[in-house]
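# Kindly generate the corresponding structure for this input.
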Amino acid sequence: MLYNLKGWSPFPAIKLRCEHFILIRIYIIDLAQEIRKKLAAIDISALNLTVCKSKELILKTNRRILVVDDNIDYCEGIIDFLEMEGFDAIGVHDGFKALEAVKKEVFDLVLMDVRMPGMDGVETFQKLKSVSPETPTILMTAFAVESRIREALRNGVFGAFQKPVDNERLICSIKNSFPGGAVVMIADDDKELCSNLLSKFAEKGYRGVVVRNREMAIRMASEKKFDIILIDTKQKDINGFETYQKIRDFRPDVNII
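Coordinates of the predicted model:
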């Protein structure tokens, strides 16, 4: 049935929609061909990519990490996580094998449990320093061994984490352990001042983090080895002098301003 109200017919509109559909289809085909040409021109071999278990592409960092933990399942879980983040990670399950691995291969970082049979993580770290003094070590522990952790921090361990480890903070600490400019912590509640300082540090190639209270400042100082720590002594949530004393107890060499 053909409708025609005041000279209007639905057919011109239908014809126009069909023409639009055809034009859109042609455009999509042309766009797809253009994308194929650009993809074909890319040298995939020049890109440092790998396919992870979930079939997604991730960027490899070329950083090698040795994971040391006597809990095999936990060790494998950490390795899987690090590989998902683009690192090349291998695992061993005691301090003696860690020493053997570092003697044979070069690693950018050692991530190690504290409580292990035979030789614990702190003793292993001390021996690793004589084998590869430039390799940073991050310790992990599920037990209250504050005196051992403090000893390790005073002797140069890069950081220490309580299990279960916060993955985001761990990755941040791992990245900060690699060479690439001084690492600075700003303990201050003045957001504008902190933002300006971070910008200035970034211009110099420094890497900075901001904390707002005493507990976070102490925890961050234990998880990362900072080159400089700026503390606001007047801010009540930070309590500058007490924070300074606490950090100085386990980081005697850090520059605190």
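# okay, now Ser177: neighbour count?
23 (other C-beta atoms under 10 Å). To be clear about C-beta, it is placed using only N, CA and C from the backbone, and glycine gets the same treatment.
# List the backbone torsions phi and psi for it.
Main-chain dihedrals, Ser177, degrees, to the nearest 10: phi -80, psi -20.
# Over to Gly156?
Backbone torsions of Gly156, given as degrees, to the nearest 10, read phi 110, psi 10.
# Please apply the same query to Leu111.
According to degrees, to the nearest 10, Leu111 has phi -110, psi 110.
# So which residue is dead centre in this protein?
Ile171 (2.4 Å; C-alpha atoms, centre = their mean).
# which residues touch that residue?
Taking C-beta atoms under 8 Å, 6 or more residues apart in numbering, we find Ile171 in contact with Glu85.
# which SS class is it?
The three-state label given to Ile171 by DSSP: H, G, I helix; E, B strand; the rest coil is helix.
# per-residue confidence for it?
Ile171 carries a pLDDT value of 92.
# Same question for Arg219.
91.
# That one in helix, strand or coil?
helix.
# what about it, neighbour count?
16.
# pLDDT value on the residue nearest to Arg150 when sequence neighbours are not counted, please?
If you skip the residues right next to it in sequence, Arg150 has Phe250 as its closest partner in space, 4.6 Å away by C-beta to C-beta, 6 or more residues apart in numbering. Looking at Phe250, its pLDDT reads 91.
# What's the separation between Phe250 and Asn155?
Computed as C-beta to C-beta, to the nearest Å, the Phe250 to Asn155 distance reads 10 Å.
# Between those two, which is the more surrounded one?
Counted by other C-beta under 10 Å, Phe250 and Asn155 do not tie: Phe250 has more neighbours, with 20 against 13.
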